[in-house]
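> Sequence first, predicted coordinates after that:
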Amino acid sequence: MGIKVCLEEVLKQRGMTSKELCAKVGITEANLSILRSGKAKGVRFGTLNRICYFLDCDVGDLLKFDGELEGQDE
């Protein structure tokens, strides 16, 4: 995959539901679900900034590099 989204883990650590985060960040539950599942192809820096602010975390807490090159065919 390349980049792993760890939003689910951070939400659990903070004791916050995805619904609560959506209300604070100002995004739909559907869009947050796509991000949480790792199926998002991108995320706006403004959205990422708000998620980090309300979860009191760093970008590196939410996104991890898995060592793979996405789309590489061998």
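Arrived safely. Residues are numbered from 1 along each chain as shown.

> Now do the helix or strand hosting Glu20: which elements does it pack against?
Glu20 is located in helix 18-25, with elements delineated by DSSP states H and E. Taking 3 or more C-beta pairs under 8 Å, 6 or more residues apart in numbering; DSSP states H and E as the contact definition, the neighbouring helices and strands of helix 18-25 are helix 29-37, helix 45-55. Every residue, glycine included, has its C-beta placed from N, CA and C.

> how big is the angle separating the last one from helix 29-37?
Pointing back at helix 45-55 there. For helix 45-55 and helix 29-37, the angle between their directions (axes from the mean of the first three to the mean of the last three C-alpha atoms, to 10 degrees) works out to 80 degrees.

> Could you list the buried residues of helix 45-55?
Within helix 45-55, the residues that qualify as buried are Thr47, Arg50, Ile51, Cys52, Leu55, counting by 16 or more other C-beta atoms under 10 Å.

> Just list what the strand or helix carrying Lys12 packs against, helices and strands only.
With secondary structure defined by DSSP H and E, Lys12 is part of helix 7-14. Contacts defined by 3+ C-beta pairs under 8 Å, 6+ apart place helix 7-14 against helix 29-37, helix 45-55, helix 59-62.

> Before I go, just wanted to say thanks for your time.
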